[in-house]
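In: Can you look at this prediction? I've put the sequence above it.
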Amino acid sequence: MSTIKITKDNFEEEVLKSNKPVLLDFWAAWCGPCRMISPIVDEIAGETTDTKVGKVNIDEQPELASAFGIMSIPTLVSMKDGKVVDKIVGVRPKASILKMMAS
């Protein structure tokens, strides 16, 4: 699976109503650390079929960033059944992200 661009228009359908856990990557084009973690998130999306992986551009979707209380990026949010399960801020190794997704 590839990553899904998450917007306020598709958020309910893609995230809240998802029958799979969801990993959200909150990022911005000007953010250096976001560019560092992006290939890792893309790789995870390509390898997993049991988790949906979405990317939220905070400059294009400020309402979603505000709703999740995003203060620093990159921020990864793990969700199950429409609820936040875990959240990590900053660049992390792939193993750390996979561990968060498993919780």
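Out: Looks like it came in fine.
In: mind listing what the closest residue to M1 other than its chain neighbours touches?
Out: Closest residue to M1 apart from its sequence neighbours, by CB to CB, 6 or more residues apart in numbering: A45 at 5.6 Å. Quick note: C-beta positions are derived from backbone N, CA and C, even for glycine. Residues near A45 by CB atoms under 8 Å, 6 or more residues apart in numbering: M1, S2, T3, V53.
In: Tell me the span between the first and last residue of stretch 71-88.
Out: This stretch, stretch 71-88, spans 12 Å end to end (CA to CA, to the nearest Å).
In: Also stretch 81-96?
Out: Stretch 81-96: ends 22 Å apart by CA to CA.
In: Would you double-check that V84 falls in a strand?
Out: Yes: the assignment for V84 (DSSP: H, G, I helix; E, B strand; the rest coil) places it in a strand.
In: is it in a bridge, and if so with what?
Out: In this structure, V84 bridges to M79 when assessed by DSSP bridges.
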